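> sharing a model that was predicted from the sequence below.
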Amino acid sequence: MAYLVSKILPSFPILSIIYASCTLGTIFMILPHDQVDGTPVPIVVFRDRPTAFHAFLISIMLSFTGAFSALLIQHRPRVERFCRFYAMASTISALAILLYATLFGVSGVLLI
């Protein structure tokens, strides 16, 4: 039993990244969209920022890919560590983009 728990516990952050990226990707595809320059952009958070929305989607896809790869490649520790790193970095960047769009989209202040 102890061996089973020690094998499952280190993969907990990776599983939560997979669940969070799937959930966020699904939520932002279900939200009402507006056509901006021919591409659908959710009007709730990314109203006037289609590039931020596309960067957010790319970050979500990279975090899912990294976390899923880290789960599949557990027999190669260096590759798994690299996949974990870029999954966590992509998750942090996706959350930073979401925070940027949420905070500065509501108040109207632009950093760029």
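In hand now; what should we look at? Quick caveat: nothing in here was measured; it's all calculated off a predicted structure.

> average pLDDT for the helix or strand harbouring residue 57?
Using DSSP states H and E, residue 57 sits within helix 50-72. For helix 50-72, the mean per-residue pLDDT is 92.

> with stretch 75-87 instead?
Stretch 75-87 carries an average pLDDT of 88.

> would you indicate which residues of the next helix or strand after the helix holding residue 57 are buried?
Note on helix 50-72: by DSSP H and E, the next helix or strand toward the C-terminus is helix 77-107. The neighbour-count check on helix 77-107 (16 or more other Cβ atoms under 10 Å) flags 80, 83-84, 86-88, 90-91, 93-95, 97-98, 100-101, 105 as buried. All C-beta spots, glycine's among them, are computed from the backbone N, C-alpha and C.

> and the helix holding residue 57, how far out from the chain's middle?
5 Å (Cα atoms, centre = their mean, to the nearest Å).

> with stretch 70-84 instead?
Relative to its chain's centre, stretch 70-84 lies at 19 Å (Cα atoms, centre = their mean).

> and it, end to end?
End-to-end span of stretch 70-84 (Cα to Cα, to the nearest Å): 6 Å.

> burial measure for residue 27, as a count.
11 (other Cβ atoms under 10 Å).

> ok, now how distant is it from residue 60?
Between residue 27 and residue 60 the distance is 10 Å, computed by Cβ to Cβ, to the nearest Å.

> ok, now residue 34?
20 Å.

> neighbour count: the two, which is higher?
residue 60 (24 against 14).

> many thanks, I have nothing further to ask.
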